[in-house]
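# what's the 3D shape of this:
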Amino acid sequence: MRLTIPALAFVLVAAAVQDKKPDPMTPDPNGPNPIAAHPTLFIEEMTWMEVRDALKAGKDTVLVGTGGVEQNGPYLATGKHNVILRATTQAIARKLGNTLIAPIIAFVPEGEIDPPTDHMKYPGTISLTEATYRALLTDICASFRTHGFKHVILIGDSGGNQAGMKKVAADLNARWIDGKTRVHCIPEYYEDESLDKWLEDQGIRETDEGFHDAFEIEAQMFIVDPTTIRMKERIAAGKFKINGVDLEPVEKTAEWGRKIVNYRAEQTVAAIRKSLAR
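Reported below is the predicted structural model:
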């Protein structure tokens with residue numbers, strides 16, 4: 001079949017357009033975003049273009065929160081720390097400004113695996129060796145450095161997370177002497193004593209019932225997802241209280257949750273700004 005000149009031109013143009021189809025594994029790094037950006041600070045909820053454009057707009061700081069999966073008594077989901085970090089990281093990032101939030105690191109050292117020690121004695125717990133934990137943190141920080149973040153902020157919602165974060169921050173800062181990226185470990189985020197004192201001054205006084213649980217923990221989890229503290233089941237069983245503090249009315253517990261998150265965010269942001277100034 002003989003093609004006319006216009007028809008032939010159409011075929012050639014169509015072929016050229018097809019040839020320009022982007023490679024799904026290597027899209028144009030400078031290509032324009034075809035849609036409006038979704039309003040979130042969590043990197044895992046963003047497209048790569050949204051992260052790129054946020055960096056260009058000055059969001060050069062990334063907040064890395066470490067949580068854990070462990071036994072937390074009869075009432076709380078094993079991902080307690082990860083749930084809390086959904087609230088605290090967002091509050092911190094908003095107060096600090098120019099900050100995005102890394103996916104929460106759900107797996108941390110929780111005890112020896114075999115034979116099991118500490119939390120690993122209870123089903124549902126997931127533990128990493130200290131070496132694996134530090135390697136994970138190191139690779140995450142290095143990834144953010146590659147993409148141009150100037151500051152990586154490490155916070156941990158559990159006591160066993162702190163030493164590894166401190167060591168990784170020190171090691172990377174000693175290695176990265178070019179000034180491109182600095183890692184900041186902020187232990188002030190996990191200062192329980194100051195929070196406990198603040199709560200006592202606010203009239204919240206607890207009597208330890210022997211659970212790996214507390215009012216401030218439940219209030220923070222409540223504002224993220226009430227199912228993680230088994231609200232309905234505990235109300236039905238007449239056990240919707242912790243350490244002598246009643247969790248009803250739920251509106252009051254939610255109010256406390258927001259206050260506690262705000263308090264922790266303010267304390268943490270003050271410590272981050274001091275570290276940034278150094």
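
# C-terminal to the host helix or strand of residue 165, what's the next element?
Taking DSSP states H and E as the definition, residue 165 sits inside helix 162-175. Sequence order places strand 182-185 as the next helix or strand after helix 162-175, per DSSP H and E.

# For this protein, just list every one of the helices.
Secondary structure of the chain by DSSP state H: the helices cover 5-19, 48-56, 80-96, 130-146, 162-175, 192-201, 215-224, 231-237, 250-277.

# Flag every buried residue along the last one.
Neighbour counts using 16 or more other CB atoms under 10 Å place 253, 256-257, 259-261, 263-265, 267-269, 271-272, 275 of helix 250-277 among the buried residues. Where C-beta positions appear, they are placed from N, C-alpha and C, glycine not excepted.

# again with stretch 232-249
234, 240, 242-243, 245, 247.

# so which of these comes closest to residue 198?
Distance ranking of the buried residues of stretch 232-249 against residue 198, using CB to CB, places residue 245 first at 15.0 Å.

# what sits up against stretch 211-218?
70-76, 80, 84, 195-196, 199, 204, 206, 229, 242-243, 245, 247, 253, 256, 260 (CB atoms under 8 Å, 6 or more residues apart in numbering).

# From residue 151, how far out is the residue sitting nearest the centre point of the chain?
Nearest to the geometric centre of the chain sits residue 104, at 3.3 Å (CA atoms, centre = their mean). Applying CB to CB, to the nearest Å, the value for residue 104 to residue 151 is 18 Å.

# Residue 35 too?
From residue 35 to residue 151 the distance is 29 Å (CB to CB).

# try residue 200
Computed with CB to CB, the distance linking residue 200 and residue 151 is 34 Å.

# In the protein, where is pLDDT below threshold?
1-19 (pLDDT under 70).

# and residue 200 and residue 151? which has more neighbours close in?
Remark: of residue 200 and residue 151, residue 151 carries more neighbours, 19 against 11, as counted by other CB atoms under 10 Å.

# Surely the more buried one and residue 60 touch.
Yes: under the criterion of CB atoms under 8 Å, residue 151 makes contact with residue 60 at 6.6 Å.

# And the closest residue to residue 160 other than its chain neighbours, how far from residue 126?
Distances taken as CB to CB, 6 or more residues apart in numbering place residue 109 nearest to residue 160, at 5.1 Å, with adjacent residues excluded. Going from residue 109 to residue 126 by CB to CB gives 10 Å.

# And for residue 40?
Taking CB to CB, one finds residue 40 at 26 Å from residue 126.

# These two - which one has more neighbours?
residue 126 (16 against 13).

# Let me see the contact set for that one.
Each residue near residue 126 by CB under 8 Å, 6+ apart is listed here: 69, 106-107, 110.

# which one of the residues you listed sits closest to residue 168?
Nearest to residue 168 among the contacts of residue 126 is residue 107, at 15.0 Å by CB to CB.

# Now do that closest one: how many residues are near it, please.
16.

# From what I see, it and residue 78 are in contact.
No: here residue 107 does not reach residue 78: they are 11.5 Å apart, not a contact under CB under 8 Å.

# got the contact list for the closest residue to residue 78 other than its chain neighbours?
Excluding its sequence neighbours, the residue lying closest to residue 78 (CB to CB, 6+ apart) is residue 124, at 4.5 Å. When contacts are counted by CB under 8 Å, 6+ apart, residue 124 touches 69-71, 78.

# Closest one to residue 181 out of the buried residues of stretch 232-249, please.
Nearest member of those to residue 181, counting by CB to CB, is residue 242, at 41.1 Å.

# was I right about the closest one contacting residue 209?
Yes: here residue 242 reaches residue 209: they are 7.1 Å apart, a contact under CB under 8 Å.

# you'd agree residue 67 is up against residue 106?
Yes: using CB under 8 Å, residue 67 is in contact with residue 106, at 5.6 Å.

# Among those two, which residue is more densely surrounded?
Using other CB under 10 Å, the more surrounded residue of residue 67 and residue 106 is residue 67, with 23 against 16.

# And the more buried one, its phi and psi?
As for residue 67, its main-chain torsions (degrees, to the nearest 10) stand at phi -110, psi -110.

# how near is it to residue 248?
Taking CB to CB, one finds residue 67 at 27 Å from residue 248.

# buried stuff in stretch 66-82?
In stretch 66-82, counting by 16+ other CB under 10 Å, buried: 66-72, 75-82.
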